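**Q** how would this look folded up:
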Amino acid sequence: MKTKNHLALLLSGILALGAFLGCANEAPKPPTDRAVIDEFNRFTERRRMTRALIDWLGFRREYVTFAAAPRAEGVSQYGTARRFKLAMTSVVSHSMFPLRLAGYLGMLITLGSGLLGVFILIEKYVLNDIWHMNFSGPAILAVINLFLIGIVLSCLGLIALYIANIHGEVINRPLYAIRVRRNLR
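**A** So this is what the prediction gives:
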């Protein structure tokens, strides 16, 4: 039950952010132009995020603002878990930010723990504990462990970027979306 409350809190935060950015109670007008539909049909992806893909195509779009009325009967079947899954699918399939974040976090951890390790090494063994910090064996071991975790996380981020590039080739999205053809058959 506690996890469900955390998910609901996360989802309400995402919805509040959407309202803050001005996209609450707004929906894109469905594509009615034949060129948009033809370009959209060129996608070979199985799990399509229709709204994101139409935005990705880059055609001009219009928004329809509306006020959602309360439900007359029943309860929505699109619960918190399904909305969270939709949000995660959207982030994972249309953004490399989480992958880059893992790599950058790994580099930051490696850099920070490396600097701390050098400081400990100089203070304890070169300067003979001149500042009386008394770094113990487990503390030094923790810094070494943190350094190695940072290296592993950096490598994981690099491998994830390679896999993301492979994914980009496999989904076979068109390189260009042609809005209007002139003087071509």
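**Q** quick one: the helices in the chain?
**A** 2-20, 34-41, 50-57, 80-94, 97-121, 137-170 (DSSP state H).
**Q** buried set for the longest one?
**A** It refers to helix 137-170. The neighbour-count check on helix 137-170 (16 or more other C-beta atoms under 10 Å) flags 143, 146-147, 150-151, 153-154, 157, 160 as buried. For every residue, glycine as well, the C-beta is placed using N, CA and C.
**Q** with the third one instead?
**A** For helix 50-57, a neighbour-count test (16+ other C-beta under 10 Å) marks 53-54, 57 as buried.
**Q** hang on, the earlier thing: which of the helices of the chain sits closest to Val180?
**A** helix 34-41 (7.2 Å; C-beta to C-beta).
**Q** buried set for that closest one?
**A** 36, 39-40.
**Q** residues touching stretch 100-119, excluding its own?
**A** 140, 143-144, 146-147, 149-158, 160-161 (C-beta atoms under 8 Å, 6 or more residues apart in numbering).
**Q** before we move on, the earlier item: can I get the buried residues of helix 34-41 in TSV including distance to Gly106 and pLDDT?
**A** Output for these, formatted as TSV (distance: C-beta to C-beta, whole Å; pLDDT from 0 to 100):
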residue	distance to Gly106	pLDDT
Val36	40	77
Glu39	38	77
Phe40	37	78
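**Q** and those residues, which is closest to Val92?
**A** Phe40 (20.6 Å).
**Q** wait, what's in contact with that closest one?
**A** 31, 50, 53-54, 57.
**Q** among these, which one lies nearest to Asn134?
**A** Leu53 (59.0 Å).
**Q** related to what we said a few turns ago, could I get the helices of the chain as TSV with distance to Thr65?
**A** TSV is the format used below for the helices of the chain (distance: least, C-beta to C-beta, whole Å):
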stretch	distance to Thr65
helix 2-20	13
helix 34-41	21
helix 50-57	16
helix 80-94	21
helix 97-121	28
helix 137-170	34
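**Q** nearest to Asn183, of the ones you listed?
**A** Once these are compared by C-beta to C-beta, helix 34-41 is nearest, at 16.4 Å.
**Q** now stretch 122-133: average pLDDT?
**A** Mean pLDDT, stretch 122-133: 85.
**Q** show the end-to-end separation of that stretch, please.
**A** End-to-end span of stretch 122-133 (C-alpha to C-alpha, to the nearest Å): 12 Å.
**Q** and the gap between the nearest residue to Thr44 once chain neighbours are set aside and Arg42?
**A** Leaving aside its chain neighbours, Thr44 sits nearest to Asn172 (5.0 Å; criterion: C-beta to C-beta, 6 or more residues apart in numbering). To Arg42, Asn172 is 9 Å away according to C-beta to C-beta, to the nearest Å.
**Q** nearest to Leu127, of the contacts of Phe40?
**A** Leu53 (59.9 Å).
**Q** contacts only, for the closest one.
**A** Counted by C-beta under 8 Å, 6+ apart, Leu53 has contacts 40, 43, 45.
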